[in-house]
Each structure stands twice: as C-alpha cells, then as structure tokens.
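A.B. asks: Below are the sequence and a predicted model for it; my questions follow.
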Amino acid sequence: MKATAHTLGAIVVADKGWFSIFSELIKARLTFLVLLTTLVGFYLGFRGAMDYVLMVHTLLGTGLVASGAAALNQLLERKFDALMRRTEDRPLPSGRLQPDTVLVFGGVCSAAGLVYLALAVNLLTGLLGAITLGSYLFIYTPLKRVTSLNTAIGAIPGALPPLMGWTAARNEVSGEGWSLFAILFFWQLPHFLAIAWMYREDYARAGYAMLPVFDRDGRRTARHAVSHTLGLLPISLFPFLFRFEGVIYLAGTLVLSLAFVWQAVQFSRDLSFQRARRLFYASILYLPLLLGLMVFDKVK
C-alpha cells in the first residue's frame, strides 16, 4: 500500500512539476500581491534618487517571509484544506509534499527572510515582518475556527506589507505609511467577504468560522461589504491629504472607490454567487489600478 502511494505521488509530482507544486505552496499569486504592495510602499516612501539595491533587498526579504508564512499556514491547515473542494488539491492534502518537508522549507524561508530584512534593510522593517508572520500564523490562523472576526484580524498582517515598504525606504513609521496600511486593511474585507460568500459551504464543511457560514440570509455579510467599501472611500483619499499624491490620484481614486461601493451595493441587493463574484473581480481590479495611480501621480 505504501509503495502504491509513493508511486502515485511520484506520478502526480512528475505530472505537475516541482515549480508548480512550490508555487502552490507559497501561494504565488498572494505572495506576488505582497511584493507589489511592498514595492509601491517603498517607491512612495523613498526620497531622492531611487536606491535599487535597497529595493531588491526589501523585496527579497519580504518575499522569503511571505513564502515561508504561506507554507507554514498550509502546514497548520492541511487537515482542513483536505475537506474543502477549493483547497483539497494543495500540495499537502494531495500528498504531493510531506509535512516535514514543508516545515523545514517554511521555517527556513521565514527565518532567513526576517534576518535578511533586519541586516540588509533595517531593524524596523524586520520587526514589522516578524509581527506580520507571527500574527498571521499564531493569531489569524487559529481564530479562523473560533470567530467570524478572524477576517478583520487577518486583515492586519495582510495590510502590513506596504507599511514595510515605507519603513524600508525611510526607517520610520509615519502617518503616510499608516495611510497605506489603512487602505489595504479596508480593501481586504469586502474582498474576502465575497470569497467567503461564494465558498460558504466549503468553509462550513471544514469548520471555519467565516461570517457567511453563520449568516444564512446574508444580511450581515452584505452590510459589512457595503460599510467597508464606504469606509475605504475616505481612507483612499489620505495619500492626497498627506500631500504625497496629486489631483490625478484624487480624481482617479474617487471614481474607483465609488465603483467599488456600487458593486458592494449591488451584491447587497442580490446575494447570488454571480454578484459575489462580480464584487470579487471589482476588488481584484480596484487594488492594482489604485496602486498604479499612486505610482503615476506621486508628488516628487
């Protein structure tokens, strides 16, 4: 039986390839988003001629921490991932990787990333990286099975990367950096609520305490989606009010934020899978367009 399992595992590994397997393990798309928001935070925070060497150090260290966190998160949740259709094919529940391998990989990446940030960038950014890692793995991850507040709590480590980029550039925490944190924090909530509504049966099967699992009629989910997009609207103006973004950013972010609110309102009126997916796609479009506006209209 063991020989058969090893043979099947080898066939699956050969079929998907190691690059594909480890891309899934580090949640490559999520890690790319982390790097993108870190890069924008660094660019906005840096004064004078760009220090590309420091930028590369920042991205490398952050990428290692993000990759390690993703791997360790999957290690902690492997039994529950096996119960959900959307995650049952991940490397651990599918048997393509073993827990010991993931533990070593995730631990080495996380530790190396934190040390690298502290030594090659600055201690403050390394500290923020440690807070991000610790809160993601040891607060957010277990709370996903305890309280529906886990989404708001998990949005904290999810919003720290642009602040890390800012501190990497300036070696200080300031109001401007916190405004980037606030934007990403509020953006995540309707984004994840849309996902949780679409896959609420999957989450219920695995025992996750997502709001839509308990909110059968969807009223609270809809209310939270609308309220957080409304909250995002004034917060998205902070970079202009702090005067590190110009009037093009102001006009653009108003259009984007109002469109995001409209999608949340439409979702609240029709709590269907299709409307939730549209809200999800709206969130996916909103963030890179907003970040692009920030880069384009940065006040020098």
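C.D. replies: Here it is on my side, so go on.
A.B. asks: do you know how far the closest residue to Phe186 other than its chain neighbours is from Tyr249?
C.D. replies: The spatial neighbour of Phe186 that comes closest, neighbours along the chain excluded (C-beta to C-beta, 6 or more residues apart in numbering), is Leu232 at 4.1 Å. Heads up, the C-betas are built off the backbone N, CA and C, glycines and all. Separation of Leu232 from Tyr249 (C-beta to C-beta, to the nearest Å): 15 Å.
A.B. asks: So these two - more neighbours on which side?
C.D. replies: Leu232 (28 against 23; other C-beta atoms under 10 Å).
A.B. asks: Which pLDDT value belongs to the more buried one?
C.D. replies: Reported pLDDT at Leu232 in the predicted model: 98.
A.B. asks: Check Val13 too.
C.D. replies: Per-residue confidence (pLDDT) for Val13: 44.
A.B. asks: Relative to Lys298, how far out is Ser257?
C.D. replies: For Ser257 relative to Lys298 (C-beta to C-beta), the value is 19 Å.
A.B. asks: between these two, which one's more packed in?
C.D. replies: Neighbours were counted for Ser257 and for Lys298 using other C-beta under 10 Å; Ser257 has more, 23 against 16.
A.B. asks: how about the helices in the stretch 201-300 of the chain?
C.D. replies: For the stretch 201-300 of the chain, the helices defined by DSSP state H, counting those that start in this stretch cover 211-214, 219-235, 238-241, 247-269, 273-296.
A.B. asks: now for the third one, which elements pack on it?
C.D. replies: For helix 238-241, the contact count by 3 or more C-beta pairs under 8 Å, 6 or more residues apart in numbering; DSSP states H and E identifies helix 175-198, helix 247-269 as packing neighbours.
A.B. asks: and if you look at the fourth one?
C.D. replies: Helices and strands in packing contact with helix 247-269 are listed as helix 175-198, helix 219-235, helix 238-241, helix 273-296; criterion 3+ C-beta pairs under 8 Å, 6+ apart.
A.B. asks: Check which residues of it are buried.
C.D. replies: For helix 247-269, the buried set under the neighbour-count rule, 16 or more other C-beta atoms under 10 Å, comprises 249-250, 252-253, 256-257, 260-261, 263-264, 267-268.
A.B. asks: Please export the C-alpha coordinates of it as CSV.
C.D. replies: Output in CSV follows, covering the C-alpha atoms of helix 247-269 (Å, rounded to 0.1, in the frame of the first residue of the first chain):
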residue,chain,number,x,y,z
VAL,A,247,-5.0,65.7,-8.1
ILE,A,248,-4.9,62.9,-10.8
TYR,A,249,-4.8,60.4,-8.0
LEU,A,250,-7.6,62.2,-6.2
ALA,A,251,-9.9,62.1,-9.2
GLY,A,252,-9.0,58.5,-10.1
THR,A,253,-9.4,57.1,-6.6
LEU,A,254,-12.9,58.8,-6.3
VAL,A,255,-14.0,57.0,-9.4
LEU,A,256,-12.5,53.6,-8.4
SER,A,257,-13.9,53.8,-4.8
LEU,A,258,-17.4,54.8,-5.9
ALA,A,259,-17.4,52.0,-8.4
PHE,A,260,-16.3,49.6,-5.7
VAL,A,261,-19.1,50.8,-3.4
TRP,A,262,-21.6,50.4,-6.2
GLN,A,263,-20.6,46.7,-6.7
ALA,A,264,-21.0,46.1,-2.9
VAL,A,265,-24.4,47.7,-3.0
GLN,A,266,-25.4,45.5,-6.0
PHE,A,267,-24.2,42.5,-4.0
SER,A,268,-26.3,43.5,-1.0
ARG,A,269,-29.4,43.7,-3.2
